[in-house]
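Participant: Dropping the sequence and predicted coords here.
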Amino acid sequence: MMTQTMSISHSIAEQMERASWIRRMFEIGIQLRKERGAANVFDFSLGNPDMEPPAAVIAALRRVVAENQPHSHGYMPNAGFPAVRAAIAGRLAERTAIPFTGDDIIMTNGAAGAINTVLKAVLDPGDEVIVLNPYFPEYRFYIENHGGRVTPVETGADFQPDIARIAAAITPRTKALILNSPNNPTGVVYSAEVLRALDRIIPEPVLIISDEPYRPLTFDGLTPPETLPLLRRAVLAWSWSKAMAIPGERIGYLAIPPRCRKPRNCATACTFANRILGYINAPAIWQQVVAHAPERP
């Protein structure tokens, strides 16, 4: 019998080759744990939590499932359940002193879903997105997925953003900058002073995408500065993956501050992008869970 192979695109083949080393490390880690015991192998390849979800998260999950509210498993507005978005907006407004409403929140499949949603909504082919070296490797694929071009910019010796280098990298084709603090992979927390300096050099129409899944994971009394009050042209990509130790559940949100230029247009475009990328909406059960569970369980 003659067999046929399915052809894949050149771009995906190249991306797979560049990305394969991370997954290979992860798979080797699984094999080594089987051979040598889980206590003897420390796998730092992926951001998998070492602990199980907190009891408060599991309790909220049980409560949501037991209540089994009518239509809780069906279609919903693509941006998510209105009541959940309103609850998240209230927490965010209290935290940032920015008057968020539910209309400013789009529930997403984690921070990765939020970033891909906003990139899909704002990028035209050939538009440039600045990333700060060293950066989370998946950013390159997210950007290229939507026709964008990656513009890497070196950070300073302390891994803080180098404002002069960022300013020099901005061109007429620059559409966005991805900011990640606390940072993966360096662990650095960007200072309020650096964020204010960054705000001063970001021109219209460049959008800052602030990716903050590690915000709750800081130690020694350190509290990261709130980015949204300091950056006038920023949106927030949030995930509960790390804070609640649930990366496999894929739940987060995209927050578009009302002071952004034409925020309703941006929110509408991102909601549409969320739909056509195939996410449709964030998982219904986990939307309800994060609305019920404590913000810092």
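Facilitator: Received, thanks.

Participant: if I pick the residue positioned nearest the centre of the chain, what's in contact with it?
Facilitator: By CA atoms, centre = their mean, the chain has its centre lying nearest to Ala111, at 2.3 Å. Contacts for Ala111 (CB atoms under 8 Å, 6 or more residues apart in numbering) come out as Asp211, Glu212, Pro213, Ala237, Trp238, Ser239, Ser241, Gly252. (Glycine included, C-beta is placed from N, CA and C.)

Participant: same thing but at 7 Å, please
Facilitator: Asp211, Pro213, Ala237, Trp238, Ser239, Gly252 (CB atoms under 7 Å, 6 or more residues apart in numbering).

Participant: Quick one: the strands in the stretch 51-200 of the chain, in order.
Facilitator: In the stretch 51-200 of the chain, the strands defined using DSSP state E, counting those that start in this stretch lie at 105-108, 128-133, 149-154, 174-180.

Participant: Packing partners of the third one?
Facilitator: Other helices and strands packing on strand 149-154, by 3 or more CB pairs under 7 Å, 6 or more residues apart in numbering; DSSP states H and E, are strand 128-133, helix 163-169.

Participant: Please identify the buried residues of that strand?
Facilitator: Val150, Thr151, Val153 (16 or more other CB atoms under 10 Å).

Participant: Could I get the contacting residues of the last one?
Facilitator: Counting by CB under 7 Å, 6+ apart, Val153 makes contact with Ile130, Leu132, Asn133, Asp162, Arg165, Ile166, Ala169.

Participant: For the closest residue to the fifth one other than its chain neighbours, give its distance to Asp162.
Facilitator: Leaving aside its chain neighbours, Arg165 sits nearest to Val153 (5.1 Å; criterion: CB to CB, 6 or more residues apart in numbering). Noted for Val153: a distance of 7 Å to Asp162, by CB to CB, to the nearest Å.

Participant: Ala60: neighbour count?
Facilitator: Using other CB atoms under 10 Å, Ala60 is surrounded by 22 other residues.
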